[in-house]
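Student: Sequence isn't available, so here's the structure alone:
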């Protein structure tokens, strides 16, 4: 009876230690994988935003509104893109892949505007991490990653004859690009399941090995000694 009690205690102690250690490893691994995957999506979103901004810059300089609208609509209808829109400094949507929101005012307390207006006035410069946010368009819906790209005033803007802006106006508006995170979340969930399965399997395997060793190196010698 004493032999069994010692064996159970040794096996339980090792199993508990393995459970804590592997659980911490699994948690850190999942967090690291999620951050890495999200960072990759953010990098892709930034590249996409810069491409949209660069692709429409010439038409914006020439005030080619119809061409800008068609370009944004065409790019925004891609399956990998949720929405593309351009807002002026007052918060009015002037271009959007969703034609129904053109001309509407956005909520400055919403995700796409909060970081710029959180100080009570529009910020002129934002760090990269402050340009991105993860949110849900609908409660309980899939996650979405959004990135804002300020449109700054350039010499070509304040000297243009067609739609010149005052030189003192630093920010003319903002380009807002949102991407669905459904595929990324699916990969994260798959990785979570794989890590959990590995952790449970490792704990069970280690417990069985320890139980076998305890029986062979503790129970049998003690029985022989008795």
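Tutor: Sure thing, it's come through. In this text, all values refer to a predicted model and were calculated from it rather than measured experimentally.
Student: Spatially central residue (nearest the centroid) of this protein, please.
Tutor: Nearest to the geometric centre of the chain sits residue 38, at 4.0 Å (C-alpha atoms, centre = their mean).
Student: Which helix or which strand is home to the closest residue to that residue other than its chain neighbours?
Tutor: Leaving aside its chain neighbours, residue 38 sits nearest to residue 184 (6.8 Å; criterion: C-beta to C-beta, 6 or more residues apart in numbering). (C-beta placed from N, C-alpha, C; glycine too.) Using DSSP states H and E, residue 184 falls within helix 182-214.
Student: swap in residue 145?
Tutor: Per DSSP H and E, residue 145 falls inside strand 143-152.
Student: Would you pull up how far that strand lies from the middle of the chain?
Tutor: Centroid displacement of strand 143-152 relative to its chain, using C-alpha atoms, centre = their mean, to the nearest Å, is 12 Å.
Student: likewise stretch 16-25?
Tutor: For stretch 16-25, the distance to the chain centre is 28 Å (C-alpha atoms, centre = their mean).
Student: Name the residues of that stretch that are buried.
Tutor: Neighbour counts over stretch 16-25 (16 or more other C-beta atoms under 10 Å) mark 18, 19, 22 as buried.
Student: What residues of the helix holding residue 184 count as buried?
Tutor: For helix 182-214, the neighbour count (16+ other C-beta under 10 Å) marks 184, 188, 195, 199, 202, 203, 206, 207, 210, 211, 214 as buried.
Student: Would you check that the second one makes contact with residue 36?
Tutor: What that stands for is residue 188. No. Contact criterion C-beta atoms under 8 Å: residue 188 and residue 36 do not qualify, at 10.2 Å.
Student: Residue 48 reaches residue 81, doesn't it?
Tutor: Yes. Counting by C-beta under 8 Å, residue 48 does reach residue 81; the two are 7.4 Å apart.
Student: For these two, list the residues in contact with both.
Tutor: Counting by C-beta atoms under 8 Å, 6 or more residues apart in numbering, the contacts common to residue 48 and residue 81 are 177, 179.
Student: Just want the angle from the helix holding residue 184 to strand 143-152.
Tutor: Helix 182-214 runs at 130 degrees relative to strand 143-152, counting by axes from the mean of the first three to the mean of the last three C-alpha atoms, to 10 degrees.
Student: contacting residues around the residue nearest to the centre of the chain?
Tutor: Each residue near residue 38 by C-beta under 8 Å, 6+ apart is listed here: 134, 145, 184.
Student: swap in residue 60?
Tutor: Applying C-beta under 8 Å, 6+ apart to residue 60 gives the contacts residue 68.
Student: I'd assumed it was in a helix, is it?
Tutor: Yes. Counting by DSSP: H, G, I helix; E, B strand; the rest coil, residue 60 is located in a helix.
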